[in-house]
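[1] Show me the folded form of this:
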Amino acid sequence: MNTRVIGERIKRSEDPRLLAGKGVYVDDIHLLGMAHGAVLRSPHAKARILGIDTSRALALPGVLAVITAADLGHANSPMPLLFLDRGFIFPRTHRALAIDQVRFHGEAIAFVVAESRYIAEDALELIDVAYQTSQAAVDLVEASRSGAPLVHDDTDSNIACRTVTEYGDLASAFANASFVLREELRPERGCAQPMETRGAVADFDARTGKLTLWDSTQAPIPTRGILAEKLQMAEADITVIAPDVGGGFGVKIMLLYAEEVLVPFAARLLKRPVKWIEDRHEHFIGSNHERLMVHDVEVAVMDDGRITALKDVFLYDSGAYCPYGPVNAECCQGILPGPYKIPNIYTEYVAVYTNTPIVSPYRGAGQPHAVFVMETIMNRIATRLELDVAEVRRRNLVTPADCPWNAGVVFQGNSPLIHRDCDYPAQFHLLLDSLGYQAFREQQAKARANGIYKGVGLAFYVEGTGIASYEGVEVCVEPTGFVRVTTGYPSQGQGHATTISQIVAEELGVDMSNIVFQQGNSDQFAWGGATFASRGTVIGGTAAVRATRKVRERALAMASDMLEVSPIDLEIVSGVVRVKGVHQMCTDLKTLSLAAAMPGLETGDEPGLRATGFFRPVGGTFSSGVHAMIVDVDLGTGVVTIDRHVVVHDCGLMINPTIVEGQIFGGTAQGIGGAHYEKLWFSPTGELLTTGFADYIMPTAMEIPFIEIHHLDRASSLNPLGVKGVGEGGAIPVPAAFAGAVEDALAPLGVSISAVPLTAPMILEHIRKAQKKLVGQTA
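    Numbers count the residues shown, from 1 in each chain. Take a look at the predicted model:
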């Protein structure tokens, strides 16, 4: 029998090369004669472009080209709308370069190519642009109102989309409720900050007409398709390669950013390689943002704390364009009820254009917003009924006996949220027991008596994963004996090379050391989607199972003929195909691959011991979990210390528990950033004020506590591996847990939290207002 591979803590095969500094990122690509690009970006949030004079820039020695919208032709047509929504009113997408007006601070206006980046940057200052500024729509609520300044002149409002989902009998539930709670809640705007910013290198071979693009992207295959349309080239003449990518988190899957068109356009124009690497300031103003929503939420509640109806009408800041559609809002409403049994639901999301950078998914894609709303409501119910927050949650949970339970909402990709293969009460019991919840409550009371303000926050989540479209994997046993595994979707740190190889190794019966993994090159594998939505193992892993089982089936059939035994009497161990119980009767995959390389024409078999598998799910899968956080709040400074952070997680079968835990650790750290530190600020006229790490504060290792993880896995019944996805679950519940913990710590002061992130100055302001109010009440 084979040594078990799936489920084992195998070290990541990618790490030795990366840790030794042998990674190859976009900026590591150096080609002979390479020129360098720089982007001229709008300094205004809203302005008409009256004229662009590039003559002074072109006269600068070393400048090779200055490209404006007028030079691009068809390449400057609007970018595709990636996700349709049934509620669309005015869908609008961006162009590579602004034509007659700019709609956000940072929008691309011109592209300079020069012998060096230094010269290109100097040339930017020599481009003369005549602007006519006008009032910008910056505030989300104000922009949604009738009469607000229009982001797009050809519309009659800034409402891009309004989508309603109803389930059950809402009116009856509210009429029969013991009481109704209403809250306005705001998850504020932030953005992803991968260690590697975006970048592109393009090389056009004039002799062959072939274009190669090295792109720091999560989606090389779709990038090739859209780029071919923009440049009016055959896809066969374009190669897109995602080399090592230093973090993605959603921000590197735009399709397309301006520079992904401009760099290859310039390379073809100049007939020489062109490189552009985004600096950190550009990343803040030129890459996509996420997060901001305003929720007006109502719940109908019975006197025992059970929620009978939920109504949530919320605004979603789309930024200046909506190339992704309102996908974050769709994801938000798609998991809004979380693990709670709410029989009647009404959701309405309104996507609003503002004169701010485009908004698209960032780790969690609208789901942290939903959890913040739902868990805050749970805390409010507990306060109203004077119940413990844990007890209110327990009374509302979907139980295994309820499953399958239709939650009444629909996640991205038309995936209804149906609870199955889950046990939320068991998760909660494990969490509270691991945390020592009752003991903490006793310690909390004693600490308060001594002027120490500690609090606990609880946050459940359900994470939508494994959504369409499809992915594919090819498995090929080479005549050398190595097994080549190839897919199109790239890794940005998820560990695909390890997890997919583990799947193939176990299914085929080969050693991990014999597997060669290839990814992210459109010439090597030309079909598939991208790395997003925690779908790599759910979809790509299932495709790998399908491909490997085809190869195994053919290998056993060939060995059966060779050894004159039935295929059911054969097994494959470490690449050796042998008769069960008679191990000396054997062959190996290398020998079979050599034989398969020269098939008989009469059989109709294709050459090679290889197969390709594809998988497109029907609906999505849903993982889940619950976080608990214990904090200590300093009343004098508002500084919060996280004393403990406990996670209970269910992602189905774990292919590699170490990689799963790495995803949870990283996601939780990002969640802490979104909970306590990271917020983008704009001026009243729409200029982004937080454009560097001196202003946009991020947590370091010093601020991240030890994260205690417990697994309670229930295998998914929706795919042969039993996996559910894991990439975003760590980030999704943390802001809600943090806000709840701070609110619980400050409960004696009557502090109520309705927005995240909560920075120390914000918390201090809450404390001072509450103290002032208490003084006024006692005066």
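[2] V352 bridge partners, please.
    Beta-bridge partners for V352, by DSSP bridges, are I159, D317.
[3] from what I can see it touches S144, true?
    Yes. Using CB atoms under 8 Å, V352 is in contact with S144, at 4.6 Å. C-beta: built from backbone N, CA, C; applies to glycine.
[4] Common neighbours of these two, please.
    Contact criterion CB atoms under 8 Å, 6 or more residues apart in numbering; residues shared by V352 and S144: 158-159, 315.
[5] Please, where are all the strands along the stretch 51-200 of the chain?
    Under the criterion DSSP state E, counting those that start in this stretch, the stretch 51-200 of the chain contains strands at 63-68, 101-102, 108-114, 128-133, 159-167, 179-187, 199-205.
[6] can you list these in CSV and add distance to V723?
    As requested, the strands of the stretch 51-200 of the chain are exported to CSV (distance: least, CB to CB, whole Å):
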stretch, distance to V723
strand 63-68, 45
strand 101-102, 44
strand 108-114, 40
strand 128-133, 51
strand 159-167, 28
strand 179-187, 29
strand 199-205, 32
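[7] Need those in CSV (columns: mean pLDDT, mean neighbour count and distance to G686).
    Output for the strands of the stretch 51-200 of the chain, formatted as CSV (pLDDT from 0 to 100; neighbours: other CB atoms under 10 Å; distance: least, CB to CB, whole Å):
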stretch, mean pLDDT, mean neighbour count, distance to G686
strand 63-68, 98, 21, 23
strand 101-102, 98, 22, 10
strand 108-114, 98, 25, 16
strand 128-133, 98, 14, 10
strand 159-167, 97, 19, 18
strand 179-187, 97, 17, 19
strand 199-205, 98, 24, 27
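[8] Of these, which is nearest G305?
    With CB to CB, the closest approach to G305 among the strands of the stretch 51-200 of the chain belongs to strand 179-187: 10.6 Å.
[9] What pairs with the closest one, parallel or antiparallel?
    Strand 179-187 is paired, per DSSP bridges, with strand 293-301 (antiparallel), strand 755-756 (parallel).
[10] got those strands as JSON lines, with distance to V639 and mean neighbour count columns?
    Conversion of the strands paired with strand 179-187 to JSON lines gives the following (distance: least, CB to CB, whole Å; neighbours: other CB atoms under 10 Å):
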{"stretch": "strand 293-301", "distance to V639": "27", "mean neighbour count": "22"}
{"stretch": "strand 755-756", "distance to V639": "17", "mean neighbour count": "22"}
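[11] Out of those strands, flag the one nearest L213.
    Ranking the strands paired with strand 179-187 by proximity to L213 (CB to CB) places strand 293-301 first, at 34.5 Å.
[12] Quick one: residues in contact with the closest one.
    The contact list for strand 293-301 (CB under 8 Å, 6+ apart) reads 140-141, 173-174, 176-187, 307-317, 328-329, 332, 344, 366, 369, 373, 377, 381, 384.
[13] Would you mind checking these for buried ones?
    140, 173-174, 177, 181, 183, 185-187, 307-317, 328-329, 332, 344, 366, 369, 373, 377, 381 (16 or more other CB atoms under 10 Å).
[14] In helices only, show me these.
    Under the assignment DSSP state H, the buried ones among the contacts of strand 293-301 contribute 140, 173-174, 328-329, 332, 369, 373, 377, 381 to helices.
[15] Closest one to A555 out of those residues, please.
    N328 (45.4 Å).
[16] Who are the contact partners of the nearest residue to that closest one once chain neighbours are set aside?
    Of all residues not flanking N328 in the chain, G366 sits nearest, at 3.6 Å (CB to CB, 6 or more residues apart in numbering). Counting by CB under 8 Å, 6+ apart, G366 touches 293, 327-332, 334.
[17] Repeat that for T612.
    T612 sits next to 472-475, 547 when contact means CB under 8 Å, 6+ apart.
[18] where do the strands sit along the stretch 201-350 of the chain?
    Secondary structure of the stretch 201-350 of the chain by DSSP E, counting those that start in this stretch: the strands cover 210-215, 238-241, 274-277, 293-301, 307-319, 344-353.
[19] Now do the fifth one against strand 159-167, angle only.
    Read that as strand 307-319. Following axes from the mean of the first three to the mean of the last three CA atoms, to 10 degrees, one obtains 160 degrees for the angle between strand 307-319 and strand 159-167.
[20] picking up where we left off before, which members of the ones in helices among the buried ones among the contacts of strand 293-301 are the farthest-apart pair?
    The largest separation in these, counting by CB to CB, is between L140 and A173 at 29.3 Å.
[21] Mind checking the pLDDT average for stretch 709-727?
    On average, the pLDDT along stretch 709-727 is 95.
[22] how about that stretch as CSV, C-alpha atoms only?
    C-alpha atoms of stretch 709-727 as CSV (Å, rounded to 0.1, in the frame of the first residue of the first chain):
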residue,chain,number,x,y,z
ILE,A,709,-6.4,26.9,15.9
HIS,A,710,-8.7,23.9,16.3
HIS,A,711,-10.1,21.9,13.4
LEU,A,712,-13.6,20.4,13.3
ASP,A,713,-13.8,19.1,9.8
ARG,A,714,-16.9,17.8,8.1
ALA,A,715,-16.1,16.5,4.6
SER,A,716,-18.0,18.2,1.8
SER,A,717,-20.4,15.9,-0.2
LEU,A,718,-20.0,18.2,-3.3
ASN,A,719,-16.6,17.0,-4.6
PRO,A,720,-14.6,13.7,-4.4
LEU,A,721,-12.0,15.2,-2.1
GLY,A,722,-14.4,16.4,0.5
VAL,A,723,-12.7,19.9,0.6
LYS,A,724,-14.5,23.2,1.1
GLY,A,725,-11.8,25.9,0.6
VAL,A,726,-9.8,27.9,3.2
GLY,A,727,-8.1,31.0,1.7
